[in-house]
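Enquirer: what follows is a protein structure lacking sequence information:
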């Protein structure tokens, strides 16, 4: 096979197995990022010797590959060039997480290395957390359009962090990290808790009247008619925070569990869309650099906030395609 990586080029790639509609031939989603449902570089003897049979089997089962590359004067060593490529491919992967909700069969693998003449050498590999809860539409397959959107978001994340002022963006970085790790959570109530924390991080409601202020501020993200949805979600979040989730879980009730599943899907969707919106709109960046700038954003006139933010999403779109008949009691943690 012809390789995407040329001699004296370094690369970083992510390999995973997930439902997708990507073609086998490599396509350049945006300049500098390639994707394919087939391996992007040959799996030669060096791979097999260095990684071992179990790791090779894991990679051979993958059906989605992302890769970035760059020329190098030092293809024989692992150095900052490799780390920079890892950082770039990681941001593209996070962009994918913000573009769509999907699961993987096993943990995605990140690898970096180089090509020297005809030989491909791996310098470093490690597993990523496994995205564990699916789209509301269980038959959904990642599309090329979603992949391209993820690539664009990843590029915007990279540009955002390159443009940081000296004060940095600790709070937004923390929220983004919280979101990405939450994608690997299996327990529904923990999903509600963590995705609501993401929204709480963006809305910084005051201690007094937190639930009502949280719900009101979230209407910027999800529309004024849905204020009650956000208030209900925050109420469940509070129960979970204080270890009162037994009120929902101790006795199995299918309708209660389904309601929790829907709340988790809505909270995830609004958190994901809100983070994507922030990275997608450079005009919003100065308002989300720091906690004080976020607090100042919420002190703006409501019409000015709406002008800056743009139209809200429909939170119920987070459950588009949901069919409860496909959800078993076992899926809900029941008998």
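Expert: Done, it's in. Just so it is clear, the structure is predicted and the values come from calculations on it, not from any experiment.
Enquirer: what's in contact with the one helix or strand residue 247 maps to?
Expert: Assigned by DSSP states H and E, residue 247 belongs to helix 246-249. Identification of contacts with helix 246-249 by Cβ atoms under 8 Å, 6 or more residues apart in numbering yields 189, 236, 239, 256, 257, 260, 333. Every C-beta, even on glycine, is put in place using the N, C-alpha and C of the backbone.
Enquirer: domain assignment for the protein?
Expert: 9-127, 163-326 (automatic domain parsing).
Enquirer: shaky segments in the protein?
Expert: Scanning the chain for pLDDT under 70 picks out the ranges 1-2, 44-47, 50.
Enquirer: tell me the centre residue of it?
Expert: Residue closest to the average C-alpha location in the chain (Cα atoms, centre = their mean): residue 97, at 2.5 Å.
Enquirer: residue contacts, it?
Expert: Counting by Cβ under 8 Å, 6+ apart, residue 97 touches 131, 150, 179, 180, 183, 272.
Enquirer: out of the domains of the chain, which comes closest to residue 137?
Expert: Nearest of those to residue 137, taken as Cβ to Cβ: domain 163-326 at 2.6 Å.
Enquirer: start and end of that closest one, how far apart?
Expert: Taking Cα to Cα, to the nearest Å, domain 163-326 runs 45 Å from one end to the other.
Enquirer: quick one: the helices in the chain?
Expert: Using DSSP state H, the helices of the chain run over 45-51, 53-60, 80-99, 144-162, 170-182, 188-203, 210-222, 227-241, 246-249, 254-280, 291-298, 302-309.
Enquirer: the third one: which residues count as buried?
Expert: Of the residues in helix 80-99, those with enough neighbours to count as buried (16 or more other Cβ atoms under 10 Å) are 81-82, 85-86, 88-99.
Enquirer: and which of these is nearest to residue 232?
Expert: When the buried residues of helix 80-99 are ranked by distance to residue 232 (Cβ to Cβ), residue 98 comes first, at 24.5 Å.
Enquirer: quick check: the closest residue to residue 261 other than its chain neighbours vs residue 13, distance?
Expert: Nearest non-adjacent residue to residue 261, counting by Cβ to Cβ, 6 or more residues apart in numbering: residue 188, 5.6 Å away. Distance of residue 188 to residue 13, given as Cβ to Cβ, to the nearest Å: 33 Å.
Enquirer: pull the number of nearby residues for residue 107.
Expert: Residue 107 has 16 neighbours, counted by other Cβ atoms under 10 Å.
Enquirer: measure how buried residue 254 is and give me the count.
Expert: Using other Cβ under 10 Å, the number of residues around residue 254 comes to 13.
Enquirer: shouldn't it be in contact with residue 332?
Expert: Yes - at 6.6 Å, residue 254 and residue 332 qualify as touching, with contact defined as Cβ atoms under 8 Å.
Enquirer: residues contacting the residue located most distally from the centre of the chain?
Expert: Distance from the centre of the chain peaks at residue 117, with 35.7 Å (Cα atoms, centre = their mean). Taking Cβ under 8 Å, 6+ apart, we find residue 117 in contact with residue 7.
Enquirer: what about residue 234, how many residues close to it?
Expert: Residues near residue 234, counting by other Cβ under 10 Å: 24.
Enquirer: go on, the one 10 residues further on?
Expert: For residue 244, the tally of surrounding residues (other Cβ under 10 Å) stands at 11.
Enquirer: give me every residue that touches it.
Expert: By Cβ under 8 Å, 6+ apart, the contact list for residue 244 is empty.
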